[in-house]
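# what's the 3D shape of this:
(one chain, ligands or ions: 1)
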Amino acid sequence: MSFKSLGLSDALLKAISKKGYTTPSPIQTKAIPPILEGKDVLASAQTGTGKTAGFTLPLLQLLSQKNILRHRPVRALVLTPTRELAAQVFANVKEYSEFLDLRSAVIFGGVNQRPQVAKLRQGVDILVATPGRLLDLQNQGFLSLSKIDILVLDEADRMLDMGFLRDIERIMKLMPSRRQNLMFSATFSKEIKKLANGILHHPVQVEATPENSTVEAISQKIYRVAKGKKTGLIIKLISDGNWQQVLVFTRTKHGANKLCKKMIGAGITAAAIHGNKSQGARTKALAGFKSGNVSALVATDIAARGLDIPLLPHVINFELPNISEDYVHRIGRTGRAGARGEAISLVSADETTYLRDIEKLVGEKIPVEIVEGFEPDPNASTTPIKQGQRGGRNNRQKNSNSRSSNSGRTGNNNDSKSGKSRRNRNKRRQR
Ligand code: AMP
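Model (predicted):
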């Protein structure tokens, strides 16, 4: 299978070959033809599968085939849950559209709106946006969605997790009802299926990996360890293995900072990335990690979402996520594009229930190891720890403040929004 045989134009083929891609990935092979036919598509694909090109390439082709309108109203909208993903999708749109007469822009919260508004004023064919800033600028009259032909909801599951359902519903009302809809999601919960039913019309369903299953190229391992010995163990693993590029997940922002400091103290070049960091700090940490100046990137789930880090050899869960699907997202960061990767989880007694849930979801028992000197505590309780309660209350307050000012909602509250919806989900599960 080649990109040419998928029906892509010469201008796109030129951009693809400039990127160095030779063969389309499975999601691209499956998604591109129906999108080019103008059909709605519901795709199950994680980050790392090549999904961005899977929707961007045909979207660009469809737009370039239509007449360019005089004022260049926005004709294609790509909605993403986080700023990082928005920036990344935009970078891809720019690259793939290099040889086409199409204009694109990206808008997200947490940064000054002025340059974004200036860009919109010049006329934009393709807009990549996070929901909060999009609604904000629309409310202020800086953009109209009345000429949208194609809508893409990228990482729709994460958008729901982050509490964007209401925003999505509001955005839908601002667009013409006749349009092409593409929805990408790594997992398919009941909520996602409901959202898809409300937005998509007779969608073609495509899948890159089986639903809710881990990628085969990833070898998974559990280290059972006493809670207080986790930091020592992670430093040992990274130092002994001389790992140069490892992504570490913590459950909380505070935990990410704390671990990062300890790693730096032990001589590991580390940086933390989470929703409380400024956009500049996040971009700098990610750039350092990509260039190899930083060997350990410590991240919370939300901050890591959508990071484009190809061929990542190691992912470590310093703590297991309390939402099992997040485990699949996290370990999807390794073993990308056919490369083998290793996903390690440090599990203490109080995470036993989470581990059981994860094993149920991925449908396999993950091999367990114990490292001498870092044994689990036989007397520790297996009762799950309460999830970030202190942070939760503070964050709720923050959320309500930012809602009333109706700005920057895609900014620093990302992690906290997620925390709130997770807590709700947990409550539902307990019932
Ligand atoms: P994505 O899942 O869209 O985040 O893409 C994951 C990574 O795969 C990105 O670094 C892309 O540049 C890369 N990629 C996308 N399509 C291909 C392809 N057909 N061949 C090789 N790499 C690709």
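# any weak-confidence spans in the stretch 201-350 of the chain?
209-217, 305-311, 335-340 (pLDDT under 70).
# Give the buried residues for the helix or strand harbouring residue 256.
In this assignment (DSSP states H and E), residue 256 forms part of helix 253-265. Across helix 253-265, burial judged by 16 or more other C-beta atoms under 10 Å covers 253, 255-257, 259-260, 262-263. (Glycine included, C-beta is placed from N, CA and C.)
# Summarise which helices and strands it is packed against.
helix 230-241, strand 270-273, strand 296-299 (3 or more C-beta pairs under 8 Å, 6 or more residues apart in numbering; DSSP states H and E).
# Distance from the chain centre to the first one, please.
When distances are taken as C-alpha atoms, centre = their mean, to the nearest Å, helix 230-241 is centred 27 Å away from the chain's centroid.
# Within its sheet, name the partner strands of the helix or strand just after it and how each one runs.
Following helix 230-241 in sequence order, the next helix or strand is strand 246-249 (DSSP H and E). Strand 246-249 has its sheet partners listed here by DSSP bridges as strand 296-299 (parallel), strand 314-317 (parallel).
# just the ones you listed: most buried one?
Greatest average neighbour count among those goes to strand 296-299 (a mean of 27), per mean count of other C-beta atoms under 10 Å.
# how about the strands in the stretch 101-250 of the chain?
Assigned by DSSP state E, counting those that start in this stretch, the strands in the stretch 101-250 of the chain fall at 104-107, 126-129, 150-153, 180-185, 204-207, 218-224, 246-249.
# Relative to the ligand, how far out is the residue lying farthest from the centre of the chain?
Within the chain, the residue lying farthest from the chain centre (C-alpha atoms, centre = their mean) is residue 379, at 37.6 Å. The gap separating residue 379 from the ligand is 44 Å, by C-beta to the nearest ligand atom, to the nearest Å.
# Let me know which of the strands of the stretch 101-250 of the chain is tucked in deepest.
Stretch with highest mean neighbour count among the strands of the stretch 101-250 of the chain: strand 126-129 (a mean of 28; mean count of other C-beta under 10 Å).
# Packing partners of that strand?
Strand 126-129 makes packing contacts with helix 51-65, strand 76-79, helix 83-96, strand 104-107 when contacts are defined by 3+ C-beta pairs under 8 Å, 6+ apart.
# Show residues contacting that strand.
59-60, 63, 74-80, 86, 89-90, 93, 97, 102-108, 120, 134, 143 (C-beta atoms under 8 Å, 6 or more residues apart in numbering).
# that older thread, closest one to residue 23 among the strands of the stretch 101-250 of the chain?
With C-beta to C-beta, the closest approach to residue 23 among the strands of the stretch 101-250 of the chain belongs to strand 204-207: 17.0 Å.
# and that closest one, does that touch the ligand?
No: interface with the ligand: strand 204-207 contributes nothing (C-beta under 6 Å from any ligand atom), its closest point being 13.8 Å away.
# What about the ligand: which of the buried residues of helix 253-265 touch it?
With the criterion set as C-beta under 6 Å from any ligand atom, no member of the buried residues of helix 253-265 is near the ligand.
# got those as TSV, with distance to residue 167 columns?
Conversion of those to TSV gives the following (distance: C-beta to C-beta, whole Å):
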residue	distance to residue 167
253	23
255	28
256	26
257	29
259	32
260	31
262	37
263	36
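# Go ahead and confirm residue 205 touches residue 42.
Yes: when contacts are counted by C-beta atoms under 8 Å, residue 205 is listed as touching residue 42 (5.0 Å).
# Not counting residues beside it along the chain, what's closest to residue 382?
Among residues not flanking residue 382 along the chain, residue 352 sits closest, at 4.5 Å (C-beta to C-beta, 6 or more residues apart in numbering).
# so the one you found touches residue 383, yeah?
No: applying C-beta under 8 Å as the test, residue 352 and residue 383 come out as separate, 9.1 Å apart.
# Comparing the two, which residue is more hemmed in?
Each of residue 352 and residue 383 has its neighbours counted (other C-beta atoms under 10 Å); residue 352 has more, 17 against 10.
# For residue 153, see how far away the more buried one is.
According to C-beta to C-beta, to the nearest Å, residue 352 stands 35 Å off from residue 153.
# All set now, cheers.
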